[in-house]
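In: here's a sequence, model it:
(one chain, ligands or ions: 1)
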Amino acid sequence: MPVGVIARYRAHLPIGPSTPEVDLSEGSTPLIRSRNIGRALGLRHLYFKYEGLNPTGSFKDRGMVVAVARALESGSKVFMCASTGNTSASMAAYAARTGARAIVVVPSGAGRAQGSQPQIAMNKLSQALMYGAKVIALRGNFDFALETVRDLTSHYPVALMNSVNPARIEGQKTAAFEIVDALGDAPDYVVLPVGNAGNITAYWKGFREYHAAGKATRLPRMVGAQAEGAAPIVDGAPVADPKTVASAIRIGNPASWEGATSARDESGGTIAAVTDTEILSAQIRLAGSEGLFAEPASAAPLALLIRLVRDGKVEKEAVTVVVLTGSGLKDPDVALKNVEPPVELDGDARTLAKVLKL
Ligand code: F0G
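Out: Residues are numbered from 1 along each chain as shown. Purely as a prediction, here's the structure:
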C-alpha cells in the first residue's frame, strides 16, 4: 500500500511532477465496525472511521500534507493558521518535517485577565510547542483569530494553512475515498462534527468525485453535528460568543458555511445541534462500550446519531459511518472530569481483592 495520502490518491489530488514529496504516513485509518453500540441502537451496519490514528491524532493531517506540499512548491517557507488546536498541531508537525517556520494563533478567550490560558485542549498545545511552532494566544475567540490570520497572510509572504486554503479540502476528501474503498460503495449516512465546516465540505466533495469516477454507485446523506452553544449553521446566524465543552468545534462563524449547507442540502442530509451533556455521555459510551477513545468534538456525531435513531429517523438496515475526527488523548482534562478517580489503597492482595469484591 502506498504510504501517505498523496501517494495513495495522487491521481485525485492537485499534485504535479514538481510538487515536493511530503508525508507522515497519514491517512489509511481503520473503518471499525461497531460491536455494541450498533446492536444497542438496532443498527445493523454501524462503522467508526477512526481518524484519531493519524500521525498527529486527528483528520487534519490529510489536508495539511497536501497544503504543505503545495505551499512548498510555490516557494513558501512560513506557514500560519488560526486553530482550536488540531490544525495547529498538524501544521506544526509538517512544518517541522519540511523545515518551514510555523506560526500558530489560538484563542485565549475574550476579555480574560492577563495570564489566562489558551482556550484549547492542553495536549494540542503541547504538540504545537513540541513540534517547534511559535504559538500566539490571541485575546478573543477562534473566529477573531481566523479573521486576524487571514488579514495578516493577505499582506505578508506567509502561507495561510486554514481550510480556506483549497488544498486542505482536497486532502481531507481522501477520507471519503477510503470509506468507499473499504465498503465497496458509499454508505447511506456519514455523520461528522461541524466546526469551521471544512471537513463536511471535503467529505461531500470526495463522495461526489468518486461517484462521478464510477467508484461508487450512490451518494450518502451528510449529517453534521454542532454543539448547542456553538451552532451557527443550525441557528442560521453567526454566534458571537460560542460556548461548548467540545473546544475543537467552539466556532461561531464557520469559514466554509456554504460548503456545509450545500453538502446538507444536495445530499438530503441534516445539520443539528447536541448538548454538552449528550456529547460527554456519547464520549464515555464510545470508550466504555467500543474501546474507542475520541475527543469530545468527535463524540458529537454519535450523540446526534443516538438522537436520530431514537426519533426513528435512521433505518435499521442503513449503512452508517460515524467519523471520529480526533483522538481522546488530545483532551484528557475534559475526559477526567467525567470519570471516577482511581481508588487509592494501602494494602496487600487480600485487601485489594476485598475492595474489588472478587
Ligand atoms: N473534530 C475535530 C477533532 C476538530 O479539531 C475539528 C476542527 C472538527 C471536528 C471540525 O471540523 O472545522 O472542518 O468543521 N478543528 C479546527 C482546528 C477548527 O483548528 O483544529 P471542521
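
In: residues from the stretch 101-250 of the chain in reach of the ligand?
Out: Contact residues, the stretch 101-250 of the chain versus the ligand (C-beta under 6 Å from any ligand atom): S163, P193, V194, G195, N196, A197, G198, N199, A248, I249. From N, CA and C alone the C-beta is placed, and that goes for glycine too.

In: repeat that for 8 Å
Out: Residues of the stretch 101-250 of the chain found near the ligand (C-beta under 8 Å from any ligand atom) are 124, 142, 162-163, 172, 192-202, 224, 246, 248-249.

In: which of those residues fall in strands?
Out: Here DSSP state E is the test, and these give L192, P193, G224 as lying in strands.

In: show me which of those is closest to the ligand.
Out: The shortest gap between the ligand and any of these belongs to P193, at 4.0 Å (C-beta to the nearest ligand atom).

In: the closest one touches A246, doesn't it?
Out: Yes. With contact defined as C-beta atoms under 8 Å, P193 reaches A246; the gap is 7.4 Å.

In: which residues do these two both contact?
Out: Here P193 and A246 have A297, A300 as joint contacts, going by C-beta atoms under 8 Å, 6 or more residues apart in numbering.

In: ok, back up a step: ok, and the most crowded of the ones in strands among the residues of the stretch 101-250 of the chain next to the ligand?
Out: P193 (31 neighbours; other C-beta atoms under 10 Å).

In: what sits against it?
Out: P193 makes contacts with 199, 224-226, 246, 248-249, 297-298, 300-301, 323, 325, as judged by C-beta under 8 Å, 6+ apart.

In: of those, which belong to helices?
Out: Among the contacts of P193, the ones falling in helices (DSSP state H) are N199, A297, S298, A300, P301.

In: farthest-separated two in these?
Out: Checked with C-beta to C-beta, these reach their widest spread between N199 and A300, with 12.2 Å between them.

In: which of these two has more residues huddled nearby?
Out: Remark: of N199 and A300, A300 carries more neighbours, 35 against 30, as counted by other C-beta under 10 Å.

In: contacting residues around the more buried one?
Out: P193, A225, Q226, A227, A246, I249, V274, I279, A282.

In: need the contact partners of stretch 120-137.
Out: 56-57, 83-86, 88-89, 91-93, 95-96, 101-108, 116-118, 247-248, 295, 329-334.

In: buried ones in stretch 2-21?
Out: G4, V5, I6, R8, Y9, H12, L13, I15, T19 (16 or more other C-beta atoms under 10 Å).

In: just stretch 257-265 next, same as before
Out: Those would be W257, G259, A260, T261, S262, A263, R264, for stretch 257-265 by 16+ other C-beta under 10 Å.

In: over to stretch 314-325?
Out: Neighbour-count burial for stretch 314-325, counted by 16+ other C-beta under 10 Å, picks out V314, A318, V319, T320, V321, V322, V323, L324, T325.
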